[in-house]
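Participant: Any chance you can model this:
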Amino acid sequence: MARLLLFASAREAAGRSRESIAGNTVEEVLRAACQRFGPPFAAVLTSCTVWLNGEECAHDALVTDSDEVAVLPPVSGGADDISDLSMDELRARRNELQAQEDAVSFVRRMAQGRLDIARDEQRRRTSGESASSDITGGITRVFSTERGSGSNRPPRDTLVAADHQLVTELEELCVESGFGSLRDLDDAELESCCQRIAEFERRVSGQRRDLFARIDELSSELVRRYREGSSNVDTLLDEKRR
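Facilitator: Residues are numbered from 1 along each chain as shown. From the prediction side, this is the model:
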């Protein structure tokens, strides 16, 4: 059975964040999910994006038992019809999306770090290097090269709750895949662990890109209003104080 992952309003409609559902294609998995979770879920699904193993997909894409099908509702506070929003509403919506992006980026870095550690264990085995009794040396080596953020935005302090949905999902994934005992995994299990964390990281990176696009759209609208004079000086000063 494929692993169906549900987020935000899709999770709320289904009453759970994940479920194993049989189906040979994405469409069959979604149809079975609608039957299982009922009309509220089916209604939410009409506005969702569906991903297969971290990538957007067509509904006729083939699915195997090892695949993950993710249902991603539109980001809360999306930038549709922003021309009718007031300046305060634009700023509030942008701030909300920035807070979401902060959390997603934080979890993405967590996933990248754990993937690097798992791949370092693969590298050690391939090279024939003996396992050190002190694993901190390997962790230090993995993080000695700073990873680029992929964004020209300045970093902000990030406080993400331990029970954040993405944090919880990553922790559960790491437990299920044996990340906490990498050296006890055989080669096939270690490769499976790497693949699952990599799939999670790709999906979270996609969410991050979507958030960036929406934030940029809101920022562009703010700049447009300033340049065209539809926003007065007082509003501009108020924006700079925030």
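Participant: who touches E169 in this structure?
Facilitator: By C-beta atoms under 8 Å, 6 or more residues apart in numbering, E169 lies in contact with L5, S17, R18, F200. In this view, the C-beta of every residue, glycine as well, is placed from N, C-alpha and C.
Participant: Please identify which helix or strand holds the first one.
Facilitator: Assigned by DSSP states H and E, L5 belongs to strand 2-6.
Participant: and that strand, what does it pack onto?
Facilitator: Based on contacts counted as 3 or more C-beta pairs under 8 Å, 6 or more residues apart in numbering; DSSP states H and E, the elements that strand 2-6 packs against are strand 18-21, helix 26-37, strand 68-72.
Participant: ok, and what's touching that strand?
Facilitator: Applying C-beta under 8 Å, 6+ apart, the set of residues contacting strand 2-6 is 14, 16-23, 29, 33, 63-65, 67-71, 169, 203.
Participant: 7 Å instead?
Facilitator: The contact list for strand 2-6 (C-beta atoms under 7 Å, 6 or more residues apart in numbering) reads 14, 16-21, 23, 29, 33, 63, 65, 67-71.
Participant: Check the burial of E176 by counting its neighbours.
Facilitator: When counting by other C-beta atoms under 10 Å, one arrives at 11 neighbours for E176.
Participant: Could I get the pLDDT score of it?
Facilitator: As predicted, E176 sits at a pLDDT of 93.
Participant: about what we covered before: taking the contacts of E169, tell me the two that lie furthest apart.
Facilitator: S17 and F200 (13.1 Å; C-beta to C-beta).
Participant: Show me which of these two is the more surrounded one.
Facilitator: Neighbour count, other C-beta under 10 Å: between S17 and F200, F200 has more, with 27 against 16.
Participant: Regarding that one, which helix or strand does it belong to?
Facilitator: Using DSSP H and E, F200 falls in helix 187-228.
Participant: On the pLDDT front, check the residue sitting nearest the centre point of the chain for me.
Facilitator: The residue lying closest to the centre of the chain (C-alpha atoms, centre = their mean) is V204, at 2.0 Å. The per-residue pLDDT reported for V204 equals 90.
Participant: can you check D80 too?
Facilitator: 52.
Participant: What is the least confident helix or strand in this structure?
Facilitator: helix 233-241 (a mean of 45; mean pLDDT, DSSP states H and E).
Participant: average pLDDT for the strand holding L5?
Facilitator: 89.
Participant: right, and the helix or strand after that strand?
Facilitator: helix 8-14.
Participant: Give the other helices and strands that that following helix contacts.
Facilitator: Contacts defined by 3 or more C-beta pairs under 7 Å, 6 or more residues apart in numbering; DSSP states H and E place helix 8-14 against helix 39-45.
Participant: Now do the helix it packs on: which elements does it pack against?
Facilitator: helix 8-14, helix 26-37.
Participant: looking at those helices, which has the lowest confidence?
Facilitator: Lowest mean pLDDT within those: helix 8-14, at a mean of 83.
Participant: Could you pull up the contacting residues of I82?
Facilitator: L90, E217, L218, E221.
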